[in-house]
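Asker: Return atomic coordinates for the entry below.
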Amino acid sequence: MRADTRLEELGVSGLGEVEEPAFSGLAERHRRELHVHCYRMLGSFEDAEDTVQETFLRAWRRRETFEGRSTVRAWLYRIATNACLDLLAKRRPEPATGGEVPWLQPYPDRLLDELPAGDADEPETVAVARETIELAYLVAVQHLAPRTRAVLILRDVLGWPAKDVAELLGDSVNSVNSALQRARAGMREHLPAERQDWTGGEEDAGTRELVRRFTDASVATDIDGLAALLRDDVRCSMPPTPGLQVGRDTVVNDWVEDGFERLKGLRAVPTSVNRQPAVAFYLWREREGAYLPLTIDVLRVTGGTITEIVIFHDDQFPRLGLPERLPADGTE
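Answerer: Just a heads-up that it's a prediction; the model follows:
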């Protein structure tokens, strides 16, 4: 059955006639895209995981209410969006001073690869899918009010008609259109200037070389070498640890004060998260006789320089499918 299953394709008059195993199978085929939708809404991988589970529970309990006017997929998206809004209403964290999002978590590319491929003949659709999962986009979205955020994602990311969004939110079409304009203005305010002209596309050879140089300089704890790769207005953060450094000198001075140059015994594993280049670093631990997880640096590259570094702690390694240790000989 296609992803946009309708009742007639199931051979039933209502979802209430579907047994639980069949219903679970029907819902599960949409798990990854619903998870990514909730992740965009919430900015947290873990919160998205919990919200998808809540979505499936609500869907099962309310299966009798599905009238078949839309696809099962659209119905599940409605439930998921409302579950996100309910969670945000209970605890509405505000971005920290300076625009940090302490609850931000990375999303592994290997799981993004599970998303439906979409239409390969529509490069704009592919670009939207890539740019709206970038960390810069996620951070900007978190600055929007929850319902405004939902409007932006449903309209600009999923391409829902305004009347369908209005029905979901219990608003008028005019209200939805107004909220969309506010959301776009808010995104322009919080997205990096050059990010607003993002063109997407695969990582090019220049970016790969820059990431290689960044990796080599990091392993060598070469501060000068790293500084040469950073743009003047580079930003660096480490959620959930508070503190946003802006500017090359500020970032480099912070690394020096933290004793980065004295950090010997590093190894690196290249990876990618949120469709961005990333490097996982491991530190030699004599007692364990192995290199153990340290941090993951996710890079944003613009015009041949590094414009942003988001550093995540070692607790994210398992989720990202990274090795739990590297042996002394460097093999995995």
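Asker: Tell me which other helices or strands the strand ranked longest in the chain touches.
Answerer: Criterion DSSP state E: the longest strand present in the chain is strand 290-302. Judged by 3 or more C-beta pairs under 8 Å, 6 or more residues apart in numbering; DSSP states H and E, strand 290-302 is in contact with helix 135-141, helix 205-219, strand 266-273, strand 276-285, strand 305-313, strand 326-327. C-beta coordinates here come from the backbone N, C-alpha and C atoms, glycine included.
Asker: Just give me the neighbour total for residue 222.
Answerer: Using other C-beta atoms under 10 Å, residue 222 is surrounded by 15 other residues.
Asker: low pLDDT regions in this protein?
Answerer: 1-19, 92-93, 96-97, 117-127, 194-203, 330-332 (pLDDT under 70).
Asker: how does it look with 80?
Answerer: Filtered on pLDDT under 80, the chain yields the residue ranges 1-23, 67-70, 91-99, 116-129, 193-203, 329-332.
Asker: Which residue ranges of this protein form helices?
Answerer: Counting by DSSP state H, the segments of the chain that form helices are 7-10, 20-28, 31-42, 45-61, 72-90, 109-112, 123-131, 135-141, 146-152, 162-169, 173-190, 205-219, 223-227, 248-257.
Asker: Throw these into TSV and include mean neighbour count, thanks.
Answerer: What follows is the helices of the chain, written out as TSV (neighbours: other C-beta atoms under 10 Å):
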stretch	mean neighbour count
helix 7-10	14
helix 20-28	14
helix 31-42	22
helix 45-61	18
helix 72-90	20
helix 109-112	16
helix 123-131	15
helix 135-141	23
helix 146-152	23
helix 162-169	18
helix 173-190	16
helix 205-219	16
helix 223-227	15
helix 248-257	15
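Asker: quick one: which of those is nearest residue 268?
Answerer: helix 205-219 (4.8 Å; C-beta to C-beta).
Asker: that older thread, strand partners (parallel or antiparallel) of the longest strand of the chain?
Answerer: Strand pairing for strand 290-302, using DSSP bridges, gives strand 276-285 (antiparallel), strand 305-313 (antiparallel), strand 326-327 (antiparallel).
Asker: Can you convert those into TSV and add a column each for distance to residue 64?
Answerer: Conversion of the strands paired with strand 290-302 to TSV gives the following (distance: least, C-beta to C-beta, whole Å):
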stretch	distance to residue 64
strand 276-285	43
strand 305-313	42
strand 326-327	53
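Asker: a markdown table for these, including distance to residue 109 and mean neighbour count?
Answerer: Output for those, formatted as a markdown table (distance: least, C-beta to C-beta, whole Å; neighbours: other C-beta atoms under 10 Å):
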| stretch | distance to residue 109 | mean neighbour count |
| --- | --- | --- |
| strand 276-285 | 9 | 20 |
| strand 305-313 | 14 | 20 |
| strand 326-327 | 20 | 16 |
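Asker: Surely residue 98 is in contact with residue 244?
Answerer: Yes. Residue 98 is within contact range of residue 244, at 4.4 Å (criterion: C-beta atoms under 8 Å).
Asker: More neighbours: which of these two?
Answerer: For the pair residue 98 and residue 244, the greater number of neighbours falls to residue 244 (15 against 12), based on other C-beta under 10 Å.
Asker: quick one: the longest strand of the chain to chain centroid distance?
Answerer: 16 Å (C-alpha atoms, centre = their mean, to the nearest Å).
Asker: again, but for stretch 45-58
Answerer: For stretch 45-58, the distance to the chain centre is 16 Å (C-alpha atoms, centre = their mean).
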